[in-house]
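1. Pasting the sequence and the predicted model now:
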Amino acid sequence: MSAIEDENVFSQYLGAARSALDAIEATQLDPIREVSRRFTEAILADRLVHVFGTGHSRMAVEEMFPRYGSFPGFHPIVELSMTFHNPVVGANGQRQAMFLENVQGFGPVLWRNFVTDPSDCLLAISTSGCNAVTIDVAIEAKRLGMTVVALTSLAHSAASTSRHESGKKLHEVADLVLDQKAPAGDSSVWISGLETPVAPISSVTGCTIINLVKAEVARLLTEAGRPPKVLTAACHVGAERAKALFEETYDDYRRRVGVLYR
């Protein structure tokens, strides 16, 4: 590939990423504020914001918590059978994971493990918004009284077909929708001589929205006099304080999720 072609693929991807982020700034800040307000209410009530996703949406789940700059109140739910597919083929392969993503009736089976409360919220993450399991988890969460928020790409969803038996897509069963602005098909770079596009955008835009929500919830919790315990690097607060914060954060998380097993 020549230097000119290199620059072309770089500019295509960076341009698509900037365009999607600009669209988020132009259209999604008010929905993000409303979602953050609902999430803050749940956390202040000592309840939880469950965060669920399958496949590559796992990255957005783990972006929320736990990692540097994150805090308890969010409850990541990741099913290994639908996310641990890095062997690609063979045992734990991608074929099995994609098959399981579209099994019907998963929602009641999942939620039967937890003592939920109508004060809880669910952030359900799916770029296409069409996988049966994520839709089913969202439908059952609504039946249990939770506020359901969809993080999805409306453009990609419009170009896709629901795999859920209801025929509905994730944004159609949610109370609130955050549009991550990934394009239909997700990938954004076209190369001369290659039939298919490469380089998806949704991980960048989805994690951007996750961090916008996280930042606003932290601000609201602090404003309410309940600043969160934050996993923090030693370069910010010193090694001793960082170590203490790690322990305090995990202790706080253990206390919070304890309500789910009473």
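-> Done, it's in. In this text, all values refer to a predicted model and were calculated from it rather than measured experimentally.

2. what's next to the longest helix belonging to the chain, contact-wise?
-> In the chain, taking DSSP state H as the definition, the longest helix is helix 3-27. Helix 3-27 is contacted by residues 1, 179-183, 188-192, 199, 201, 204-205, 208-209, 212 when judged by Cβ atoms under 8 Å, 6 or more residues apart in numbering. From N, CA and C alone the C-beta is placed, and that goes for glycine too.

3. cutoff 7 Å now
-> Residues outside helix 3-27 that contact it (Cβ atoms under 7 Å, 6 or more residues apart in numbering) are 181-183, 188-191, 199, 201, 204-205, 208-209.

4. How about stretch 55-68?
-> So stretch 55-68 is contacted by 51-53, 70-71, 74, 76, 78, 82-83, 97, 101, 125-127, 151, 203, 206-207, 210-211, 214, 231-233 (Cβ under 7 Å, 6+ apart).

5. Please list the members of those residues that lie in helices.
-> 97, 203, 206, 207, 210, 211, 214.

6. Next up, the contacts around the second one.
-> Read it as residue 203. Residue 203 neighbours (Cβ under 7 Å, 6+ apart): 56, 59.

7. Could you do the first one as well?
-> Residue 97 makes contacts with 55, 81, 82, 85, as judged by Cβ under 7 Å, 6+ apart.

8. And residue 134, how far from residue 170?
-> Distance, residue 134 to residue 170, by Cβ to Cβ, to the nearest Å: 6 Å.

9. tell me, what's touching those two both at once?
-> 124, 126.

10. the more surrounded of the two?
-> residue 134 (30 against 27; other Cβ atoms under 10 Å).

11. Look at the nearest residue to that one once chain neighbours are set aside and say how many residues are nearby.
-> Leaving out its chain neighbours, the residue that sits closest to residue 134 by Cβ to Cβ, 6 or more residues apart in numbering is residue 126, at 4.4 Å. Counted with other Cβ under 10 Å, residues neighbouring residue 126 total 32.

12. Need the per-residue pLDDT for residue 126.
-> pLDDT, residue 126: 97.

13. That one against residue 152, yeah?
-> Yes - using Cβ atoms under 7 Å, residue 126 is in contact with residue 152, at 5.6 Å.

14. Identify the contacts common to the two.
-> residue 170.

15. Now do the same contact list for residue 53.
-> Applying Cβ under 7 Å, 6+ apart, the residues near residue 53 are 60, 61, 125, 126, 134.

16. so where do the strands sit in the protein?
-> Taking DSSP state E as the test, the strands found in the chain are 49-53, 74-77, 121-125, 147-152, 176-179, 187-189, 198-200.

17. most tightly surrounded among those?
-> Comparing these on average neighbours per residue, with mean count of other Cβ atoms under 10 Å, the densest one is strand 121-125 at a mean of 29.

18. What is it packed up against?
-> helix 29-44, strand 49-53, helix 132-143, strand 147-152 (3 or more Cβ pairs under 7 Å, 6 or more residues apart in numbering; DSSP states H and E).

19. Compute the inter-axis angle for the shortest one and helix 29-44.
-> Right, the one you point to is strand 49-53. Orientation check (axes from the mean of the first three to the mean of the last three Cα atoms, to 10 degrees): strand 49-53 against helix 29-44 gives 120 degrees.

20. Neighbouring strands - and their directions - for strand 49-53?
-> Partners of strand 49-53 in the sheet, by DSSP bridges, are strand 74-77 (parallel), strand 121-125 (parallel).

21. To residue 115, which of the ones you listed lies closest?
-> strand 74-77 (12.3 Å; Cβ to Cβ).

22. returning to that earlier point: among the ones in helices among the contacts of stretch 55-68, which ones are buried?
-> 97, 203, 206, 207, 210, 214 (16 or more other Cβ atoms under 10 Å).

23. All good on my end, thank you.
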